[in-house]
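Student: Pasted the sequence and its predicted model underneath.
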Amino acid sequence: MASNPPGKCCGEGHIHDGTPKGKITTFAGVESYISPSPSGSTSKVLYFLTDIIGHGFINAQLLADGYAAHGYHVVMPDLFRGDPWLMDASARVPADLTLPGWVQNHMLPQVEPIVLQVLEGIKSELKPQKIVAVGYCFGAKYVIRLLANEVQAGYVAHPSFVSLEELAEIKGPLAIAAAETDSIFTTELRHETEAKLKEMGATYQINLFGGVEHGFSVRGDMSKRWEKRAKEKAFEMALEWFQFHLDG
């Protein structure tokens, strides 16, 4: 494995302040959060694949709006068909549902058809010139799979559930934001990922953010100056990566 399956840390963190500017609507038959670019152009689409908390999570929506503000038409679908993992797991019904049990209901056979269905909608309805993809934690697996031939560039943060076999299939440029403390994308697995990417001759970048944990780029504590900086720099990293590969 290049990264482990989602764990307890994937559903923990802090809720961020802000007012989302996009809207939830049905796109390509899937409920999705859509955040258009300021110009309304769909020439550059950013396909946003979320962590396990899903497209209704305000933190993800604010991130989507951030990408949109830089000229991307952002599409962020519900990968879980109305069944995201909640940060407050005690609010789930049934109350005894565990994260491993939840994950078993949202494996590749259930999730990838949604990812591909929305991708086809992006191509047919929006007709973009270029498509890039971002994946946070759970969503990273599907960005890696899309990099085999479907998108021009990809960015993932603290990835989970990625296999080395999937990584070996990428064709497009990949950037990875990693946390110093991460039981999912561990130091050992990060080094395995680096070795595989080097062996492949891939176009890649890996940035390691010290002093933060898994989930920092979505669910970090914005009251802590260092965590806030890391979250913002991880976002800037994605923007710079896409700008270089799309506009350079």
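Tutor: Done, it's in. Residues are numbered from 1 along each chain as shown.
Student: Helices of the protein, start to end?
Tutor: For the chain, the helices defined by DSSP state H occupy 58-69, 99-104, 108-121, 140-146, 164-167, 187-200, 216-219, 225-247.
Student: neighbours of residue 146, just the number please.
Tutor: Look at residue 146: counted by other Cβ atoms under 10 Å, it has 23 neighbours. Just so you know, the C-beta spots here come from the backbone N, C-alpha and C atoms, and that holds for glycine as well.
Student: so what's it up against?
Tutor: Applying Cβ atoms under 8 Å, 6 or more residues apart in numbering to residue 146 gives the contacts 47, 115, 119, 133, 154.
Student: residues contacting the residue nearest to residue 53 when sequence neighbours are not counted?
Tutor: The shortest distance from residue 53 to any non-neighbouring residue, by Cβ to Cβ, 6 or more residues apart in numbering, is to residue 84 (5.6 Å). Taking Cβ under 8 Å, 6+ apart, we find residue 84 in contact with 52, 53, 54, 55, 56, 57, 78.
Student: Residues touching stretch 212-219, excluding its own?
Tutor: Outside stretch 212-219, the residues that touch it by Cβ under 8 Å, 6+ apart are 9-10, 12-14, 51, 53, 57, 59-60, 63, 87, 136-137, 157-158, 177, 179-185, 209, 220, 226-227, 230-231, 234-235.
Student: now do 6 Å
Tutor: By Cβ atoms under 6 Å, 6 or more residues apart in numbering, the residues outside stretch 212-219 that reach it are 9, 13-14, 51, 59, 136, 157-158, 177, 179, 181-182, 184, 227, 230-231, 234.
Student: Now that stretch: buried residues?
Tutor: 212, 213, 214, 215, 216, 217, 218, 219 (16 or more other Cβ atoms under 10 Å).
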